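Asker: Here's my sequence, what's the structure:
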Amino acid sequence: MARLSSGRKKGFRSGGLFCFAPHQIMTLLAFLMLSSCQAEANANVESRATRAKVVQDTIPAGTVPAGTVPAGTIPAGTIPAGTVPAGTVPADTLQAAQAPVAPSTYTFVGVGDMMLGTNYPSASYLPPQGGTTMLAHVEDLLKEADVTFGNLEGTILDEGGTAKRCNNPDACYVFRSPESYAKHFQKAGFDFLSIANNHSGDFGLTGRNRTKSVLDEVGIAYAGLAGSDEYAIIERNGLKVGMAAFAPNSGTVSIHNYSKAREIVGKLEAECDVVIVSFHGGAEGAKHQHVPRARETYYGENRGNVYEFAHAMVDAGADIIFGHGPHVTRAMELYKDRLICYSLGNFCTYGRFNLRGEAGIAPLVKVEVDADGQFVGGTVTPVYQSYNHGPKVDPQNRAVKTLLRLNAADFPESPLILGEDGTLSKKQ
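Answerer: Presented below is the predicted three-dimensional model:
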């Protein structure tokens with residue numbers, strides 16, 4: 001008797017039986033095997049995540065010694081940031097650290113004349129406590145820079161040397177500071193000192209050589225002597241900085257020889273990121289506080305045309321120019337986006353200096369430049385000193401007031417802006 005068809009398609013359950021064609025059976029087996037593998041993989045991931053969660057919840061941070069967990073054991077993202085103490089995960093499990101980013105700007109501090117005390121002609125011209133407090137009140141300000149500069153008036157020599165003869169004793173002094181005073185400059189953060197001035201030869205070759213040796217011992221760079229120490233180069237915070245110093249005095253790199261000066265500055269410009277030029281020039285005193293844009297003569301000596309010289313040095317590659325020599329503050333200007341300070345006055349001059357009026361106040365200039373040496377901004381901190389202490393911040397703001405007056409009179413065309421609070425910026 002013929003069996004009647006139920007009308008159901010093949011491969012679907014009919015009663016208690018499964019009906020498959022051979023090729024369908026193979027397809028079904030493959031599907032089942034893949035499903036099983038996927039389920040096992042999912043279970044393993046869930047199991048690892050669960051184990052990581054258990055570890056996270058039950059083992060306090062810092063209890064697993066560094067290097068005990070093999071790389072790759074803990075899936076990425078299963079332990080929140082900060083759970084595993086620094087250094088406990090092998091280096092190859094972490095992303096490569098980003099290379100440090102170089103600063104976009106750099107800061108430089110410049111101050112004027114410094115002579116912390118002299119033991120010649122008498123030790124009575126030395127300050128108390130071995131001069132240790134002379135820079136104490138401004139030490140933090142001096143250190144707030146990548147590079148700090150000042151002008152060293154005189155020699156650093158305990159004894160000996162031949163004191164220079166003065167044709168006019170009323171206008172001539174000689175300075176010899178104890179060798180221990182070099183450490184005061186070091187402690188205050190000085191990186192560069194100019195020795196191009198009328199006092200670096202006060203005790204002849206002996207004084208100059210010992211001054212250089214003592215500065216070498218404390219790690220302070222110097223420049224300004226013709227034929228031997230015409231420039232210096234240092235590196236600070238990844239920045240290569242060059243410094244050259246000039247003066248109208250015997251034995252120094254001459255402020256009058258523009259060709260030689262351009263050669264030195266051009267060499268520094270080719271080798272360094274930022275170039276500082278220091279000059280000791282211009283007539284002295286409050287009667288000569290303006291920049292005349294012409295040659296200056298003082299006591300019969302040609303003190304140079306500091307305006308022409310400064311511009312020539314910027315043209316040759318200088319980025320910052322710190323002037324000194326007049327013993328009073330002079331104006332500042334921006335030329336080709338480079339800051340020129342024509343005189344930073346008496347900064348720390350003990351014992352034998354006139355500190356009356358303008359001679360007793362000075363600016364501490366902090367300038368910010370980019371990696372090419374171009375002016376970005378800055379600040380002027382006014383300081384003052386008296387016969388019984390070194391520089392202190394001036395609550396009367398006198399040096400800033402002086403600069404406001406002089407800048408307006410001498411360089412009205414300059415884009416440099418000096419605020420009453422001492423901020424330096426550029427007209428936009």
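
Asker: Pull the contacting residues for residue 274.
Answerer: The contact partners of residue 274, taken as CB atoms under 8 Å, 6 or more residues apart in numbering, are 106, 108, 147, 239, 240, 241, 242, 319, 320, 369, 373. Quick note: C-beta positions are derived from backbone N, CA and C, even for glycine.

Asker: how close does it sit to residue 142?
Answerer: Between residue 274 and residue 142 the distance, using CB to CB, to the nearest Å, works out to 18 Å.

Asker: What is the burial count for the closest residue to residue 403 other than its chain neighbours?
Answerer: Spatially, and ignoring its direct neighbours in sequence, residue 403 is nearest to residue 418 (5.7 Å; CB to CB, 6 or more residues apart in numbering). When counting by other CB atoms under 10 Å, one arrives at 22 neighbours for residue 418.

Asker: With residue 375 instead?
Answerer: 22.

Asker: unless I'm mixing things up, it is touching residue 335, no?
Answerer: No: in this structure residue 375 lies outside contact range of residue 335 using CB atoms under 8 Å: 9.7 Å.

Asker: on that earlier part again, what subset of the contacts of residue 274 is buried?
Answerer: 106, 108, 147, 239, 241, 242, 319, 320, 369, 373 (16 or more other CB atoms under 10 Å).

Asker: Surely the fifth one touches residue 232?
Answerer: No: the pair residue 241 and residue 232 does not pass the contact test of CB under 8 Å, sitting 9.0 Å apart.

Asker: Mind jotting down where the helices sit in the stretch 201-350 of the chain?
Answerer: 204-218, 258-271, 306-316 (DSSP state H, counting those that start in this stretch).

Asker: Kindly state which of those helices is positioned closest to residue 344.
Answerer: Smallest distance to residue 344 across the helices of the stretch 201-350 of the chain (CB to CB): 12.6 Å, for helix 306-316.

Asker: Just the buried positions in that closest one, please.
Answerer: In helix 306-316, counting by 16+ other CB under 10 Å, buried: 306, 307, 309, 310, 311, 312, 313, 314, 316.

Asker: burial count for the residue nearest to residue 294 when sequence neighbours are not counted?
Answerer: Spatial nearest neighbour of residue 294, chain neighbours left out: residue 305 (6.0 Å); criterion: CB to CB, 6+ apart. Using other CB under 10 Å, residue 305 has 21 other residues around it.

Asker: can you pull the contacts of residue 305?
Answerer: Taking CB under 8 Å, 6+ apart, we find residue 305 in contact with 293, 294, 295, 296.

Asker: mind checking how far it is from residue 120?
Answerer: 33 Å.

Asker: can you list the weak-confidence ranges in this structure?
Answerer: 1-102, 169-171 (pLDDT under 70).

Asker: give me that answer again for 50
Answerer: For the chain, the stretches with pLDDT under 50 are 1-37, 39-79, 84, 89, 93-96.

Asker: So which residue is smack in the middle of it?
Answerer: residue 146 (1.6 Å; CA atoms, centre = their mean).

Asker: was I right about that residue contacting residue 236?
Answerer: Yes: between residue 146 and residue 236 there is a contact at 5.0 Å, judged by CB under 8 Å.

Asker: on that earlier part again, and the buried residues of helix 306-316 as CSV, adding distance to residue 339?
Answerer: As requested, the buried residues of helix 306-316 are exported to CSV (distance: CB to CB, whole Å):
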residue, distance to residue 339
306, 15
307, 14
309, 15
310, 10
311, 13
312, 16
313, 12
314, 10
316, 16
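
Asker: hang on, the earlier thing: so how far is residue 214 from the residue nearest to residue 294?
Answerer: According to CB to CB, residue 305 stands 34 Å off from residue 214.

Asker: again with residue 221
Answerer: 13 Å.

Asker: Tell me the span between the first and last residue of stretch 189-204.
Answerer: Using CA to CA, to the nearest Å, one end of stretch 189-204 lies 28 Å from the other.

Asker: Please disregard the earlier target; I meant stretch 284-303.
Answerer: End-to-end for stretch 284-303, by CA to CA: 10 Å.

Asker: For it, buried residues please.
Answerer: 284, 288, 289, 291, 296, 298, 303.

Asker: same thing with stretch 185-193?
Answerer: Counting neighbours by 16+ other CB under 10 Å, the buried set in stretch 185-193 is 185, 188, 189, 190, 191, 192, 193.

Asker: can you check stretch 368-382 too?
Answerer: Applying 16+ other CB under 10 Å to stretch 368-382 flags 368, 369, 370, 373, 375, 376, 377, 378, 379, 380, 381, 382 as buried.

Asker: Mind listing the residues bridging to the third one?
Answerer: Going back to what we said before, that points to residue 370. Counting by DSSP bridges, residue 370 forms beta bridges with residue 105.

Asker: mind listing what it touches?
Answerer: Residues near residue 370 by CB under 8 Å, 6+ apart: 104, 105, 106, 376.

Asker: Closest one to residue 390 out of these, please.
Answerer: Relative to residue 390, the closest of the contacts of residue 370 is residue 106; by CB to CB it sits at 26.9 Å.
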